[in-house]
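# Using only what follows, build the 3D model:
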Amino acid sequence: VQLQASGGGVVQPGGSLKLSCAASRSTLDRYAIAWFRQAPGKVREEISCISSVDGKRYYTESAKGRFTIARDNAKNTVYLQMNSLKPEDTAVYYCAADRVGCSPKYKYWGQGTLVTVSS
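Prediction:
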């Protein structure tokens, strides 16, 4: 599967962005899809994942209550709706996929999309 992340941009604190992870060469419903981010000078962290088996969703503490991950199988796309954005959310965001499930390791990666939260 090939993944294409998009939707990043510049937004003011408190604003919203919706990231998209579109797939080609395979259907995304067979894969667990995760969103990661990497801020300047920091390690990459997984912030959310949606399972392929039961649609369960997982979030890190920093994402809970503000971010929502969702699938649109008709569009072969997974979204990350981000609300109440903070400057510390500034990072390059990546989507990743794996058929095993939500786990620390993912076989397929998209290129990053930059999110900048700044006034």
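# can we go C-alpha only for contacts and neighbour counts from here?
Will do.
# beta partners of the closest residue to D72 other than its chain neighbours?
Among residues not flanking D72 along the chain, V78 sits closest, at 6.1 Å (C-alpha to C-alpha, 6 or more residues apart in numbering). Per DSSP bridges, the residues bridged to V78 are C21, R71.
# From P87, how far off is V78?
Separation of V78 from P87 (C-alpha to C-alpha, to the nearest Å): 24 Å.
# From the chain's centre, how far out is stretch 10-25? Work that out for me.
8 Å (C-alpha atoms, centre = their mean, to the nearest Å).
# List the buried residues for it?
Buried residues in stretch 10-25, counted by 16 or more other C-alpha atoms under 10 Å: 11, 13, 16-23.
# show me what contacts P87?
13, 116-118 (C-alpha atoms under 8 Å, 6 or more residues apart in numbering).
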